[in-house]
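Visitor: Below are the sequence and a predicted model; questions follow.
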Amino acid sequence: MSSSTNPIVKKRRRTTRPGSEISITTSSKDVKKVKLMSHEPQEPAYSEEKEVDLRDPQKDQAMFATACGEVKTCMKNIYDMKMEGQQPGPSEVSEKRIQASLNFVTLKKLNRVAHIRCKKAKDVTHESKMKVDSFHLQLQNLLYEVMHLQKEIRKCLEFDSKDEDIDLVEVDDFYQDAPAEISKPEITQKDPHQLRLARLDWELEQRQRLAEKCKDAQNNKDIFLKEIRTKKEYLDSLQPKLTDVLQSTQPLQMLSMPYEETRTQHKTARHLPRPLYILYVQASAYHEACDKRLSVNIEGDLEAAIVEESTNHAIEIESDSDDETAERSKRRRRKTGDVLKEKRKRTLKKHPLKVTLTVKCSDGSVLCLTFSYLILLQIVTVSVKLTPASDSVVSTVTGGDLLSANSLLSCLFPEDYGNDTPNTANNYQLSKLGMDSFRAYISEVGHPYMWVQRLAGLEFLEGDEDQEVPRAKSSVSASHIEATTKALRNRVTARLALQKQLASLERHTIPVPSESQCLFPAKLDGKFTNWTSIPYEDYIILPYTREVQEAEMVNEMDMLFKATFERKSAKLNAAIVVPQDYPGSPSLFSVQISWRGEHNAQNDESIRLMESEVNVHFKEIMAHGSPDYLLTNQLQRLLMCFDVYLEAKSSLASLAAPVEFSKDKVMPRLARGPHRAKPYKYNPHHGFFSHR
């Protein structure tokens, strides 16, 4: 072993850590010796832990490497001696073995030191971690306190005092109205806080004063309520007496005093749905105030209406479930047709009560309107029945549909044909049940005209698919009932007059009212020879109606006719469109003249001007006559223009050709302009024709 190694202690004392308890067994003979030794000064015991603190880890590492090297050297020397065949002496091998053993002791010593040093490092690390945990806990506590303080500060900053919700009087009014002992202007004008307190005091005083007034008013209210209850009890006691009086006066009610009937109607009106109730109330009020020729009545089953009020109607569409058993599915499939049929029937169900509006016209005709409410679709429909006066009934072939229920009130207002529901949601309801469009059920439920909805207080927005069903309003009904009633009477009068005109036209006679005869010459040479109604399919194939079709001025709902005028070899064919809202919109004429070829507005500018004279300048005719006879006046003007066209055209022809049509009309100028326009405008005061 090298001299650099420390002396090795073979036997090691067992040491204990300070503070540890050690149980030492001593014999009774050694007690005295121990007691004596306790009084003697003792040297500190050897401790490897203290030695570890004094040792250098770097030197221990170098010592460990040196010891390992010496062990390897000893082992190698012994091995080499044995391998070389030498016979070493026992002393040499023993010396090498002892040297290696001492190096092993040194390695064990260093191993213990390394373990002790590692344990101490772990203890130091553990203590440091405990300190870090302690500091971290303190940090968390401090952060929690900070968060708590911030929360309290935020609460204080966000505190909403109740006085901030009080609507105080303005500062100027406060200084003006409040007494000086409350306002204290010398203090409050300098201190906003004192100003706030003073305004609150003034508010408290005012509220206390108002509370006293409220208490007095409440006492007066209680007194009035007591008087009202007393009078109400008295009125309730009068009810049986009034009933007896009404029963006693029933014979008098037969003498045009239907008090009991009116009372019954008002009682029944309570069970009407809201739209029909508003219609009944507004029509009754209008009858009493403005129009005695308008009457309103309630019809239907009152008991069924009472039952209907207590029943909740809703369409419930049942969906098929994948978890149902096969037997239940078959049972439902057998009943699906019946259930669907019942749901469709409920969808179109009407309320048991109806409102009947009877409109009497000046000529004695009676228009009866029956309004019904569709419960699930939430719209109002109307059924029409017209009873014409006896002198207004005429038979006509071409005007057979004029007074029918489906066309009588069509387009009473612009674009209101009454063929589709105004409630867009109904289309989805019908589609969900596999039903056709609402138009297919009009014959069953009636027409849902827009003016009908307005009379019932309903106002739907056109083209809005997301709209909700509007609540019926009395203001909507009140604003439309007068105009609607007037329009109904005008429509009946116009249709009856149109029917009379069609009857005369079928007899090849153009009826011109006496007040309109001054608009035409006394003599017209053309003859009215034919008048027929034509279907829409025949109208659209006529070549001279193409411009009207392209302008979309005709549809299948319009009434279409064809008139023929003749004068010698010339023939005029006119395709006539009479719109549903006639005479609100005038009739539209398309003309073709067959004379020396086929002439119409597309190839002859004079015929275009002739059509313009009839279609555009119709207001001149209406100004001098009844608007109900606009159609026949237009026909008479067309016949007049036909004569002017033939006479002017014939006079302008070659002098070599014979004149077929003599010039009977006074026309100072036969043609004007590059298109050779004819003088179609008639001057009734001087009796001549001129250009426009």
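Guide: Okay, I see it.
Visitor: Three-state assignment for Val169, please.
Guide: Look at Val169: counting by DSSP: H, G, I helix; E, B strand; the rest coil, its state is coil.
Visitor: close enough to count as contact, it and Leu200?
Guide: No: with contacts counted by C-beta atoms under 8 Å, Val169 stays clear of Leu200, the gap being 11.0 Å. Yep, even glycine has a C-beta here, placed from its N, CA and C like the rest.
Visitor: Name the residues of stretch 154-168 that come out as buried.
Guide: Within stretch 154-168, no residue counts as buried by 16 or more other C-beta atoms under 10 Å.
Visitor: now swap in stretch 65-82 and tell me
Guide: Ala67, Glu70, Val71, Cys74, Asn77, Ile78, Met81.
Visitor: swap in stretch 412-424?
Guide: The neighbour-count check on stretch 412-424 (16+ other C-beta under 10 Å) flags Leu412, Phe413, Asp416, Tyr417, Gly418, Thr421, Pro422, Asn423, Thr424 as buried.
Visitor: What strand or helix carries Thr532?
Guide: Per DSSP states H and E: Thr532 is located in strand 527-533.
Visitor: For that strand, which strands pair with it and how are they oriented?
Guide: According to DSSP bridges, strand 527-533 forms sheet pairs with strand 559-567 (antiparallel).
Visitor: Check the offset of the partner strand from the chain's centre.
Guide: Chain-centre distance of strand 559-567: 51 Å, with C-alpha atoms, centre = their mean, to the nearest Å.
Visitor: Can you show me the CA trace of that strand as CSV?
Guide: Extracted in CSV, the C-alpha atoms of strand 559-567 (Å, rounded to 0.1, in the frame of the first residue of the first chain):
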residue,chain,number,x,y,z
MET,A,559,-113.6,38.7,-69.6
LEU,A,560,-112.8,38.5,-73.3
PHE,A,561,-115.1,39.4,-76.2
LYS,A,562,-114.9,39.9,-79.9
ALA,A,563,-116.8,42.6,-81.8
THR,A,564,-117.3,43.0,-85.5
PHE,A,565,-118.1,46.2,-87.5
GLU,A,566,-118.8,46.3,-91.2
ARG,A,567,-119.2,48.9,-93.9
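Visitor: Name the residues that touch that strand?
Guide: For strand 559-567, contacts defined as C-beta atoms under 8 Å, 6 or more residues apart in numbering pick out 398-399, 401-402, 505, 525-536, 538-539, 554, 571-580, 582, 635, 638-639, 642-643, 646, 661.
Visitor: try 6 Å this time
Guide: The contact list for strand 559-567 (C-beta atoms under 6 Å, 6 or more residues apart in numbering) reads 525-534, 539, 572-576, 578, 639, 642.
Visitor: Quick check: buried residues in it?
Guide: For strand 559-567, using 16+ other C-beta under 10 Å, the buried residues are Met559, Leu560, Phe561, Lys562, Ala563, Phe565, Glu566, Arg567.
Visitor: The third one pairs with what?
Guide: Counting by DSSP bridges, Phe561 is bridged to Ser533, Ile576.
Visitor: Begin at 20, not 1, for the rest of this chat.
Guide: Right, with 20 as the first residue, what we last looked at is Phe580.
Visitor: Which of the three states applies to Ile317?
Guide: Quick answer, by three-state DSSP: Ile317 is strand.
Visitor: What distance do you get for the residue nearest to it when sequence neighbours are not counted to Ile394?
Guide: Leaving aside its sequence neighbours, Ile317 sits nearest to Thr287 (C-beta to C-beta, 6 or more residues apart in numbering; 5.0 Å). Note on Thr287: its distance to Ile394, by C-beta to C-beta, to the nearest Å, is 18 Å.
Visitor: ok, and for the helix or strand just after the strand holding Thr551, which residues are buried?
Guide: The helix or strand immediately downstream of strand 546-552 is helix 555-559, counting by DSSP H and E. Buried positions in helix 555-559, judged by neighbour count with 16+ other C-beta under 10 Å: Tyr558.
Visitor: Checking Val378 next. Helix, strand or coil?
Guide: Assigned by three-state DSSP, the conformation of Val378 is strand.
Visitor: Give me the spatial nearest neighbour of it, chain neighbours excluded.
Guide: The shortest distance from Val378 to any non-neighbouring residue, by C-beta to C-beta, 6+ apart, is to Leu386 (4.4 Å).
Visitor: Check the contact between the one you found and Asn509; I expect there is one.
Guide: No: Leu386 is beyond contact range of Asn509, at 11.3 Å (criterion: C-beta atoms under 6 Å).
Visitor: ok, the two, which is more surrounded?
Guide: Comparing Leu386 with Asn509 by neighbour count (other C-beta atoms under 10 Å), the higher total belongs to Leu386, at 20 against 16.
Visitor: where along the stretch 220-369 of the chain do the helices fall?
Guide: For the stretch 220-369 of the chain, the helices defined by DSSP state H, counting those that start in this stretch occupy 269-272, 278-288, 293-308, 321-328, 345-366.
Visitor: no, scratch that, I was asking about the stretch 370-519 of the chain
Guide: Listed in chain order, the helices of the stretch 370-519 of the chain (DSSP H, counting those that start in this stretch) span 444-451, 461-464, 469-474, 493-525.
Visitor: backbone phi and psi for Asp210, please?
Guide: Main-chain dihedrals, Asp210, degrees, to the nearest 10: phi -120, psi 110.
Visitor: gap between it and Val112?
Guide: Plainly put, Asp210 is 111 Å away from Val112 if you go by C-beta to C-beta.
Visitor: And the pLDDT for the closest residue to Pro204 other than its chain neighbours?
Guide: Nearest residue to Pro204, sequence neighbours excluded (C-beta to C-beta, 6+ apart): Tyr194, at 6.3 Å. Looking at Tyr194, its pLDDT is 87.
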